[in-house]
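Peer 1: Curious how this folds, go ahead:
(2 chains)
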Amino acid sequence: MFLKKEFRILYLILFLTAIFLLFYFSLFDKKDFQSRTMIGKEIPNLKAQSLLKNEIVSLKNIVNDEVFIVNIFASWCAPCKIEHPFLVKLNQDKIKIIGINYKDNRKNAKKFLKNYKNPYHEILIDSDGELSINLGAFGVPETFLVDKNFIIIDKKIGPIDDQFVKKATSLK
Amino acid sequence: MRNFLLLLFLLMQTTSLADDVMTRSNQITKNLRCLVCDGQSVYESNSNFANDIKKYVKKEVLKKKTDDEIYDFLKKKYGESIMFNPSVSFKSIALWLVPILFFFLGIYFLFRRIRA
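Peer 2: Prediction:
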């Protein structure tokens, strides 16, 4: 009976310690919010005016049967300049990148691409942010990795990094 | 004179329609959470994200879409967290019921102990 009571106290102490440690270590967790809502869903067939050609283009006519990337960018967005070399690298690795030019001035966007190289296969103009809403995006830059069946398999809010490039190239 | 009155009537109708659209859009955006802000609704926020959603909602209201259609589309894109009042699901029921269950379990064990 005595031992049973001792064990009960021991279990209680262990339980409370576990809860304390769980809360304590969660304080130091890196909070990197990445919404997963659109992952696993089919990418909408975005349709808009092309930035470089004078025509309306639709996503599903640009890519077929290949892994590709959709990247939301703007010339006024500073983090877009940080991620740009990674997009150029992906383009060199023969991964098709579709750009969504978010609320930008056409002239500035073209100048941006001239200064930093154009890694995009096609660029759709998103003048009022509707294409981005359709993608479930939060802002610029934001990048979606899409598989051959048009299913979004990953997304990155903020500038992409080496890890994202590695993941994309491994799926090619 | 008749033409003037007709013009005045049309002008009043248009203003009233614009007011209706604005009122409905505002009501909808007040129920939507700005996902890039701290505790603000889309209506209150001036962030790029909130402004895009406001513009989208207004456009859909003009297209005569119902509130539910607009909410459903946004939930599909951003998840349940975009709503200030999330709909009832298994998870939300569990969240409410588990503490109550623990409370009654506690009372049960307390009574058992007192009786013993």
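Peer 1: Flag the shaky bits of chain B, pLDDT-wise.
Peer 2: B:9, B:12-17 (pLDDT under 70).
Peer 1: Point me to the residue of it nearest chain A.
Peer 2: residue B:52 (3.3 Å; CB to the nearest CB). For glycine as for every other residue, the C-beta is placed from the backbone atoms N, C-alpha and C.
Peer 1: The residue lying closest to that residue once chain neighbours are set aside: neighbouring residues, count only.
Peer 2: Leaving out its chain neighbours, the residue that sits closest to residue B:52 by CB to CB, 6 or more residues apart in numbering or on different chains is residue A:129, at 3.3 Å. For residue A:129, the neighbour count with other CB atoms under 10 Å in any protein chain shown is 23.
Peer 1: how close does the residue nearest to residue A:171 when sequence neighbours are not counted get to chain B?
Peer 2: Leaving out its chain neighbours, the residue that sits closest to residue A:171 by CB to CB, 6+ apart is residue A:67, at 4.8 Å. Using CB to the nearest CB, to the nearest Å, residue A:67 is found at 22 Å from chain B.
Peer 1: What of residue A:82?
Peer 2: On the measure of CB to the nearest CB, residue A:82 and chain B end up 18 Å apart.
Peer 1: So which elements touch the helix or strand hosting that residue?
Peer 2: When elements are assigned from DSSP states H and E, residue A:82 belongs to helix A:78-92. Other elements packing on helix A:78-92 under the criterion 3 or more CB pairs under 8 Å, 6 or more residues apart in numbering or on different chains; DSSP states H and E are strand A:68-73, strand A:96-102, helix A:106-116, helix A:162-171.
Peer 1: switch to 7 Å and redo it
Peer 2: strand A:68-73, strand A:96-102, helix A:162-171 (3 or more CB pairs under 7 Å, 6 or more residues apart in numbering or on different chains; DSSP states H and E).
Peer 1: closest one to residue A:14 among those?
Peer 2: Taking CB to CB, helix A:162-171 is the member of the helices and strands packed on helix A:78-92 nearest to residue A:14, at 37.3 Å.
Peer 1: follow-up on the earlier one: just checking, the residue nearest to residue B:52 touches residue A:100?
Peer 2: No: Residue A:129 is beyond contact range of residue A:100, at 9.9 Å (criterion: CB atoms under 7 Å).
Peer 1: what's residue A:129 sitting at in phi/psi?
Peer 2: Backbone torsions of residue A:129, given as degrees, to the nearest 10, read phi 80, psi 0.
Peer 1: Tell me where chain B has helices.
Peer 2: Counting by DSSP state H, chain B has helices at residues B:2-30, B:48-62, B:67-78, B:90-115.
Peer 1: If you count neighbours, what's buried in the longest one?
Peer 2: Using 16 or more other CB atoms under 10 Å in any protein chain shown as the test for burial, helix B:2-30 gives B:24-25, B:28-29.
Peer 1: dump the residue contacts of residue B:86.
Peer 2: B:80, B:92 (CB atoms under 7 Å, 6 or more residues apart in numbering or on different chains).
Peer 1: One more: residue A:89?
Peer 2: residue A:165.
Peer 1: how near is the nearest residue to residue A:117 once chain neighbours are set aside to residue A:116?
Peer 2: Nearest non-adjacent residue to residue A:117, counting by CB to CB, 6+ apart: residue A:88, 5.3 Å away. Distance, residue A:88 to residue A:116, using CB to CB, to the nearest Å: 8 Å.
Peer 1: what sits against whichever residue of chain A sits closest to chain B?
Peer 2: Closest approach between chain A and chain B, counting by CB to the nearest CB: residue A:129, at 3.3 Å. Contacts for residue A:129 (CB under 7 Å, 6+ apart) come out as A:102-103, B:52, B:55.
Peer 1: Swap in 8 Å and give it another go.
Peer 2: Neighbour list for residue A:129: A:102-103, B:48, B:51-52, B:55-56 [criterion: CB atoms under 8 Å, 6 or more residues apart in numbering or on different chains].
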